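Engineer: let's see this in three dimensions:
(2 chains)
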Amino acid sequence: MNEIGAAVRPFVQIISRIAWITLSASVITGAAFLWLGPPAAAREYHVKSEIGRFVPTAGHGLLQFGGETFLLVLVAYAARRWLRIRL
Amino acid sequence: MIRSSSRFRRAAAIYIDVALLLVLLLLFSPRLTGLPLHEWLGIALGLPLLVHLVLSWSWIHAATARFATQPSGRARANYVLNWLLFILVVIEVVSGSVISNVALPAIGVSTINDRAWRALHNQTLNFTLLLIGIHVAMNWKSFAADVHRYFWRGSNVRADDP
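Structural biologist: As a prediction, the model looks like this:
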């Protein structure tokens, strides 16, 4: 019985951690729904084709990816170097 | 045995962290991925995020327990920052799912491209990027050391390495 208990324990631990994370995410989701309400047809955003707007192109895509990566590196660098944000 | 399990966990954690960072950067670039991949990646983000949190659980547990009595302001700020980041990522994924054009309709869930949810999705994005940058900066020392150990030195790392 003890052996079974010892074998099962890590799985129970992982499931309990996942349950806590799911619970926290559900609370945040609930708060967002309470704040904005469920999606409504009256507030629908009309756009010709959302998929068409984001058709991937190598030039635009790589530029955006490079730009976002640069921004992230800049924030991390500025935070560490100039704002001295570190543990 | 305990040592090798902890080593495995640490190696898994760094691979997950790098994958998470890459997925997040791809999510910030819908013009590279296109909308369908953007949406599926956003939903799939949940898995590495879950693993990242489960692997960091001992820190989460300890930091939560000593939050009120924490003498270091930096450690407390780091804890709050991590919570804010979690909240923003959850909001990003949820609002993205609500206004989904491809992924949710593909599995039979009808959605509405609601203006308010769309604004929430787009505005949260900037703060998420900012907090990810600060999160990386905060944990840079251990992140860079682990990347160096597991990516650069790779298989040369000995089992008895500290």
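
Engineer: next, count neighbours for B:Ser6.
Structural biologist: Residues near B:Ser6, counting by other C-beta atoms under 10 Å in any protein chain shown, number 10. The way it works is simple: take the backbone N, C-alpha and C, and place the C-beta from them, glycine included.

Engineer: so, low pLDDT: which residues of the chain?
Structural biologist: All of this refers to chain A. A:1 (pLDDT under 70).

Engineer: oops, I was thinking of chain B
Structural biologist: In chain B (pLDDT under 70), the answer is B:1-4, B:154-162.

Engineer: residues touching the residue nearest in space to the middle of it, list them.
Structural biologist: In chain B, the residue lying closest to the centroid (C-alpha atoms, centre = their mean) is B:Leu49, at 4.9 Å. The contact partners of B:Leu49, by C-beta atoms under 8 Å, 6 or more residues apart in numbering or on different chains, come to B:Leu20, B:Val89.

Engineer: any idea how far chain A is from B:Asn126?
Structural biologist: 9 Å (C-beta to the nearest C-beta, to the nearest Å).

Engineer: element containing that residue?
Structural biologist: helix B:115-138 (DSSP states H and E).

Engineer: got it, and B:Val23?
Structural biologist: helix B:2-27.

Engineer: determine the set of other helices and strands touching that helix.
Structural biologist: Taking 3 or more C-beta pairs under 8 Å, 6 or more residues apart in numbering or on different chains; DSSP states H and E as contact, the helices and strands that helix B:2-27 lies on are helix A:58-81, helix B:30-33, helix B:35-44, helix B:46-55, helix B:115-138, helix B:140-147.

Engineer: one more time with 7 Å, if that's ok
Structural biologist: helix A:58-81, helix B:35-44, helix B:46-55, helix B:140-147 (3 or more C-beta pairs under 7 Å, 6 or more residues apart in numbering or on different chains; DSSP states H and E).

Engineer: and the ones you listed as JSON lines, adding distance to A:Leu23?
Structural biologist: JSON lines is the format used below for these (distance: least, C-beta to C-beta, whole Å):
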{"stretch": "helix A:58-81", "distance to A:Leu23": "30"}
{"stretch": "helix B:35-44", "distance to A:Leu23": "19"}
{"stretch": "helix B:46-55", "distance to A:Leu23": "12"}
{"stretch": "helix B:140-147", "distance to A:Leu23": "28"}
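
Engineer: who wins for proximity to A:Ala7 among those helices?
Structural biologist: Among the helices and strands packed on helix B:2-27, the nearest to A:Ala7 by C-beta to C-beta is helix B:46-55 (18.4 Å).

Engineer: now the angle from that closest one to helix B:2-27?
Structural biologist: 140 degrees (axes from the mean of the first three to the mean of the last three C-alpha atoms, to 10 degrees).

Engineer: beyond helix B:46-55, next helix or strand please.
Structural biologist: Immediately after helix B:46-55, counting by DSSP H and E, sits helix B:57-65.

Engineer: could you list the buried residues of that following helix?
Structural biologist: B:Trp57, B:Ile60, B:Ala63 (16 or more other C-beta atoms under 10 Å in any protein chain shown).

Engineer: cool, and stretch B:131-144?
Structural biologist: B:Leu131, B:Ile132, B:Gly133, B:Ile134, B:His135, B:Val136, B:Ala137, B:Met138, B:Asn139, B:Trp140, B:Phe143.
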